[in-house]
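Engineer: Sequence and predicted structure below; questions after.
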Amino acid sequence: MSSITEVEETLARIQSHKGVKGVLICTKSGSAVRSSLPPAETETYAALITQLALKAASVARTLDPTDDLTFLRIRSRKHEVMVAPDKEYLLVVVQNPDEGEEV
Amino acid sequence: MAPSRKKEGKVKATRQVRHEVPVDDEFEMYQEAVKRIVRPDNQLQLTDTELKEEITRVLTGDNPNIPKNISKYNFKDKCYKPDPPGQSEHMAIQFSMNGCSLHHDSEEFKAQEQYQAKKAEEEADARKAMEAESAEAGEELADGDGAEESGKNQFNYSERAAQTFNNPLRERGVSTEPPPIVPFGATITQWEIYDFYMADYAATIMKNRLHEQADKGKKSGGYGSYEEPAPAAAAVGKEEDTVHSAKMENALKILERLVNQNAEDEIFNDFKYWEDASDQFREGEGSLLPLWRFSTDRTKRKQVTALCWNPQYPDLFAVGYGSYDFMRQGSGMICCFSLKNTSFPEFIFSTESGVMCLDFHPQHPSLLAVGCYDGTVMVYDVRNKGMRPIYSSSIKTGKHTDPVWQVFWQAEDLAKELNFFSISSDGRVANWIMSKNELKMEPIMQLKLVNSVKDDPEETSLSGLAGGCCFDFNKTQEHLFIVGTEEGNIHKCSKAYSGQYLETYKGHHMAVYSIKWNPFHERVFISCSADWTVKIWDHNLNYPIMSFDLNNAVGDVCWSPYSSTVFAAVTSDGKVHVFDLAENKHEPLCEQKVVKRAKLTHVCFNEKDFMVIVGDDRGGVNSLKLSPNLRKLHHPVNEEGVVVEGVDNAEVQKAKMDKLLQASDAKAPSS
């Protein structure tokens, strides 16, 4: 029980952080389980990021089979997309890192 | 000739009769045709007698047209002689046709036979020759020549072929149901193969182990049941809630840190890279750069009563929350913050009573000893999120009756049991031993009051024990420790002699809030007090070798871990004072107000990074980065001004402090 509340709290905290656009949890197949992004964006992010994360994991594993992808950060001019891949699920956070600095 | 005529006439008549039958008459169509005899007009009219008259005629083989009276002149007899017609002249040829048959006995047949025999012989010879040739060539002659030998009509033989019906061609096929085809495509990578092998390997190991277990069971008990390890139900339950799984929790934790790092990018950069450039131009002065402020909503109304860095993880520190106000006691809290996530504590524990002190075990970094306002001491395992302490003292085990002001982990005892010391204002110093199931208390000593007026027996009887406020254990002499009391006295004690003080240092006039041995020099310790002063002592001397008045109650003082002469003190006016005795023996290098309208209660140096954390009475902890001037190590320089390499820092620091002590010794007699 405590784990559930803890996870929920953490999710809420992340979402309340400066510059965080949204948190997305999706399956490996690209369907969103939970999202705080608008529906259209949720879909695009889920579809694109799962592909990329799988590819990145594949790269990491191909370089060394005993290795594995633990994290993926994509820094763009406007955003930073952070991906924590799991066996079944992907946790994606989209943040605008400059927003925090401007304040 | 008449009958023939008659016949002719009859035939003609019938023909005409038939012509007269009306074809279109429907009725008469089915009627028998009526015979009517019609005679042509030019037919000879004969009477019945004439018609019935029989005329006889004889047919002969003579031709009546041949004359019988021909006479021909005969030259032999030289006269005319009648020439009667010959037998053959009576023959009239009506039709003649040449046949191709030969009579069996005729000459022609014989000639033909001869000719055929001859021809057959020739052909047989030719064939034999050909056969011989082909035999030489190894070929077989085609059959079919035998037909020529058959008695075929050689003259008018015609080949007659008959076209028979060709049976129409029929194709008949049976299509069976094809075996099912499943297209399968996959890209295989090295790591997939690796994964598969690893899974397989794990499975075989598991299997072997189960077999072994089964075998053992059979050997020992006879009915060793072969059971699958079945936490299956639990696993299923977990799977349903992947969003709330432990893995997800971990991922979320990392992400929170990342998000935090992104949002506070500048502060992180300052923390890591920014150095106050102005320090180069101001000798003997330094500054503190405020970094993060750690606080949570739940601790806003509480005071920070303890700070402690984790010995193993230099980014992790624990903060104890409680209240110093006797009238306003409430529940306490312990928060473990990490620099990696500055917005929210890693761990939170609530306590019934206000927390007064904390200490991480130096070898077991997850063990946290806690002392509370109500006198209990507890041990938390910070990894254990059960919110409950793993050990807690109770009245039965002899808990303190007053607030526990400090706890301090000790080295493991002979029985390898973990133990820690605690000091309380009830005047006791106790040792708590973590045995298997409970916390055992072992009293170390009772802090007797030292009477200023020794002859007054009344005072001794009235007053009980001195309230201990703080203590610290010598780094090199394990048994040796110093105790600060509410009365202002500092006592040097030993674990070996529980009854008496080895030395009493008088100098403070109010409660000693904190007391610390120098980490480099075993003789020196520092104390701070509510009487606005910070004093430095040599434990062999019963007077302070240095004293600093900070114009406010000094909440805490702390030696730096990198230099023997640097210490920081926090005062209740919200200021942090950083001293470097090697630079300035009288004034702090830095005196900086870091909080507004709040008292600073505690300070603690980070072991690895040049930063301090200070706690205030508003539930916040501020982290401050020390500028370069505040962290000089004073390595010895040679004549050319180059730092001498290869000198142990501990030695350098000790020498530095020794120098200070000598200077103060020279000064002491005068003071």
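Structural biologist: Thanks, I have the structure now. Numbers count the residues shown, from 1 in each chain, chains lettered A, B, ... in the order given.
Engineer: For the stretch 201-350 of chain B, what lies in contact range of chain A?
Structural biologist: Contacts of the stretch 201-350 of chain B with chain A, taken as Cβ under 8 Å from any Cβ of the partner chain, map to B:241-249, B:251-256, B:258-260, B:262-266, B:343-344. Just so you know, the C-beta spots here come from the backbone N, C-alpha and C atoms, and that holds for glycine as well.
Engineer: Inside helices: which ones of the residues you listed?
Structural biologist: Among these, the residues falling in helices (DSSP state H) are B:246-249, B:251-256, B:258-260, B:262-263, B:265-266.
Engineer: Pull out the buried residues from the residues you listed.
Structural biologist: B:248, B:251-256, B:258-260, B:262-263 (16 or more other Cβ atoms under 10 Å in any protein chain shown).
Engineer: So what's the residue count around B:Val450?
Structural biologist: Using other Cβ atoms under 10 Å in any protein chain shown, B:Val450 is surrounded by 15 other residues.
Engineer: Quick check: closest non-adjacent residue to it.
Structural biologist: B:Thr504 (5.4 Å; Cβ to Cβ, 6 or more residues apart in numbering or on different chains).
Engineer: Next, that neighbour: phi, psi?
Structural biologist: When read as degrees, to the nearest 10, the backbone of B:Thr504 gives phi -120, psi 130.
Engineer: Distance check, it against B:Gly488.
Structural biologist: 11 Å (Cβ to Cβ, to the nearest Å).
Engineer: likewise B:Ser422?
Structural biologist: Where B:Gly488 is concerned, B:Ser422 sits at a distance of 21 Å (Cβ to Cβ).
Engineer: Could you tell me which ranges of the stretch 551-671 of chain B sit under the pLDDT cut-off?
Structural biologist: B:638-644, B:665-671 (pLDDT under 70).
Engineer: and the spatially most central residue of chain A, helix, strand or coil?
Structural biologist: Centroid-nearest residue in chain A, with Cα atoms, centre = their mean: A:Val92, separated by 1.0 Å. State at A:Val92, reduced to three classes by DSSP: H, G, I helix; E, B strand; the rest coil: strand.
Engineer: A:Ile4 contacts B:His244, correct?
Structural biologist: Yes - applying Cβ atoms under 8 Å as the test, A:Ile4 and B:His244 come out as touching, 4.6 Å apart.
Engineer: count of neighbours near B:Ala655?
Structural biologist: 16.
Engineer: okay, B:Ser422 and B:Gly488: which has more neighbours?
Structural biologist: Between B:Ser422 and B:Gly488, counted using other Cβ under 10 Å, the more crowded position is B:Ser422 (30 against 20).
Engineer: Provide the strand pairings for the one helix or strand the more buried one maps to, with the direction of each partner.
Structural biologist: Using DSSP states H and E, B:Ser422 sits within strand B:419-424. Using DSSP bridges, strand B:419-424 pairs in its sheet with strand B:404-409 (antiparallel), strand B:428-434 (antiparallel).
Engineer: could these be laid out in a markdown table, adding mean neighbour count?
Structural biologist: Supplementary listing: the strands paired with strand B:419-424 in a markdown table, determined by neighbours: other Cβ atoms under 10 Å in any protein chain shown:
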| stretch | mean neighbour count |
| --- | --- |
| strand B:404-409 | 25 |
| strand B:428-434 | 21 |
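Engineer: Which of the ones you listed sits closest to B:Glu123?
Structural biologist: The closest of those to B:Glu123 is strand B:428-434. By Cβ to Cβ, the value is 131.1 Å.
Engineer: All set now, cheers.
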